[in-house]
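Enquirer: Generate coordinates for the sequence data below:
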Amino acid sequence: MTTTDAVVIGSGPNGLVAANLLVDAGWSVVVLEEQQTPGGAVRSDDSVAPGHVHDTFSSFYPLAAGSPTIRGLGLEEHGLEWVQAPSVLGHAFPDGRWGVLHRDRGATAAALDEQAPGDGDSWLALCDTWDRVGDDLIRCLLSPFPPVRGGAGLGRQVLRPGGMELVREMLMPARSLTEKLFRGEAARMLVAGNSAHADIGLESPGSAAMGLLLALLGQTVGFPVPRGGAGELSAAMVRRLESRGGEMCLGERAEGVRVQDGRAVAVRTASRELSVRRAVLADVSAPALYGGLVPWDQLPTRLRHRMGRFEWDPSTVKVDWALDAAVPWAGAPELSPGTVHIADSLDGLSLSGSQVAAGLVPEQPFLLVGQMGVADPSRVPLGHEALWAYTHVPQRVRGDAGAGRSDLRGVRGTWDEADLDAMAERMEQRIESRAPGFRDRIIARRVLGPRELEARDANLVGGAINGGTAGLHQQLVFRPVAGSGRPETPVKGLYLASASAHPGGGVHGACGANAARAALWQHKIRSPWRRT
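Expert: The predicted structure is shown next:
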């Protein structure tokens, strides 16, 4: 039997952050990963076409760049190199106009002002407020709930001019906020398009938070990518872990957590049992932990009832293309953006989200597009492009909003090969409308539907990429269930370290960091005479 201080189940970014913090504290740590490659939803490969490196799941990392925890790991010393596209983000409109988030805020403001006088000043005022409160706000958002330290710093800052207003604006519906702040569609869509990364409707309270957070991080730290592929971020964390004595076990699936006298004492795999002296940290979804790795007879009845109301975020369909030339965008910006959003208007963005919420496959889906050759030329042959796009679809499809249109193949929601082809064609049609001739440049394509995403990462249940809905009813003290908000579980020495825990989805490492710090703190209380 193997004995270790801690076992981390899952090697996604949260699991790897947790493992690194524990080894830094002198603990022996074993990480179990059922896949043959570490990283969870932070991986890359060239299986679409040789020489074209695509990120299998996530791609751009403003939250990682803004995360004090990930910055504090010093991953650059372990081979990580961040690179940036010439501009951060572009929103492509049907008439060839663009809204562009430039690396320089002055350039962003000037471009917005050209389209709607006054929007540039509004943008700069927003950036100035972020300069004062942004660091404390990030610290507050990524800390365990309640955020005592981050909250204290934020409390001091919000009393200064503009601080309280920014907090209020983040709690607003994204649509109300953008229409209040800006006159032009370009500025509105830069914020609202980022809001649509989460599954909160643009008319719902709190939806502005994601939009402001990503837009202002984009304006301060950019949307960086790891040189060579997303997998290089995970590889750097693994190298750091192993350099400090941590152990990574690939292709070894955790099958259960053994609980004795109310405490997690071991983790079972198909071939062995790992005895745990101090803690088990689970970078798995809440439903996979409660009633899965830990049977219900070891958990409170009330938790089972509450988990029955756990809600997933929408499913995802992602398409990767290898192109033999750059995307022929109409009216392309002089400085190419790494990330592109495609939605016709604020109304169109609202409609697409509403259709998903109603269980309908969107007729004109909102697309998030990544130009990886633009962001990192080392990933593609000279002149080529590694492009991807993803869109949200319902977890349970009740119908197709595009049914009846002769130019669209119907989608039933079974997500078999026919459905995936039809959805990929719908997405290609959206890109073609902004970039005539795009389809002529495709040399290879890969379509990853809900089943394929979950097969590559068991945490992406049904293609959900955020570990559960980001709706206010399942955030803060309600994540993953009412009365939670912290990584501790009803089992002593067992911690939830995945995006199902507060603060939720995104590559920021906070869920893993919060779990690791809780484990360290609890052990310090139990054994104050022992160094940790």
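Enquirer: Now whichever strand or helix holds Ala424 - C-alpha only, CSV.
Expert: Here Ala424 sits within helix 417-434, counting by DSSP states H and E. The C-alpha trace of helix 417-434 is given here as CSV (Å, rounded to 0.1, in the frame of the first residue of the first chain):
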residue,chain,number,x,y,z
GLU,A,417,-22.3,12.4,-36.3
ALA,A,418,-25.2,13.9,-38.3
ASP,A,419,-26.0,16.4,-35.6
LEU,A,420,-22.3,17.4,-35.2
ASP,A,421,-21.9,17.9,-39.0
ALA,A,422,-25.0,20.0,-39.1
MET,A,423,-23.9,22.1,-36.2
ALA,A,424,-20.4,22.5,-37.6
GLU,A,425,-21.9,23.7,-41.0
ARG,A,426,-24.1,26.2,-39.1
MET,A,427,-21.0,27.6,-37.4
GLU,A,428,-19.0,27.7,-40.6
GLN,A,429,-21.9,29.6,-42.2
ARG,A,430,-21.6,32.2,-39.5
ILE,A,431,-17.9,32.6,-40.0
GLU,A,432,-18.3,32.7,-43.8
SER,A,433,-20.8,35.5,-43.5
ARG,A,434,-17.9,37.6,-41.9
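Enquirer: how about that helix: buried residues?
Expert: Asp419, Leu420, Ala422, Met423, Ala424, Glu425, Arg426, Met427, Glu428, Arg430, Ile431, Arg434 (16 or more other CB atoms under 10 Å). In this view, the C-beta of every residue, glycine as well, is placed from N, C-alpha and C.
Enquirer: Present those as a markdown table; the columns should include distance to Ala107.
Expert: Output for the buried residues of helix 417-434, formatted as a markdown table (distance: CB to CB, whole Å):
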| residue | distance to Ala107 |
| --- | --- |
| Asp419 | 42 |
| Leu420 | 39 |
| Ala422 | 40 |
| Met423 | 36 |
| Ala424 | 35 |
| Glu425 | 36 |
| Arg426 | 34 |
| Met427 | 30 |
| Glu428 | 31 |
| Arg430 | 27 |
| Ile431 | 26 |
| Arg434 | 22 |
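Enquirer: Now pLDDT too, for the residues you listed, in a markdown table please.
Expert: Listed next are those as a markdown table, based on pLDDT from 0 to 100:
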| residue | pLDDT |
| --- | --- |
| Asp419 | 98 |
| Leu420 | 98 |
| Ala422 | 97 |
| Met423 | 98 |
| Ala424 | 98 |
| Glu425 | 98 |
| Arg426 | 98 |
| Met427 | 98 |
| Glu428 | 98 |
| Arg430 | 98 |
| Ile431 | 98 |
| Arg434 | 98 |
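Enquirer: related to what we said a few turns ago, what's in contact with the helix holding Ala424?
Expert: Here helix 417-434 makes contact (CB atoms under 8 Å, 6 or more residues apart in numbering) with 92, 94, 317, 319, 327, 329-330, 342, 361, 364-365, 367, 369, 389, 391, 393, 402, 407-413, 438-439, 442, 445, 447, 449.
Enquirer: So which of those sit within strands?
Expert: 92, 317, 319, 342, 361, 367, 369, 389, 391, 393, 442, 445, 447 (DSSP state E).
Enquirer: so which of the residues you listed would you say is closest to Gly383?
Expert: Taking CB to CB as the measure, Gly383 lies nearest Ile442 of those, at 14.7 Å.
Enquirer: can you give me the helices for the stretch 51-200 of the chain?
Expert: Taking DSSP state H, counting those that start in this stretch as the test, the helices found in the stretch 51-200 of the chain are 62-66, 68-72, 105-115, 119-142, 148-158, 163-170, 174-181, 185-195.
Enquirer: Ser59 touches Gly370, doesn't it?
Expert: Yes: Ser59 is in contact with Gly370 according to CB atoms under 8 Å; the separation is 4.7 Å.
Enquirer: Mind listing the shared neighbours of these two?
Expert: With CB under 8 Å, 6+ apart, Ser59 and Gly370 have common neighbours Trp388.
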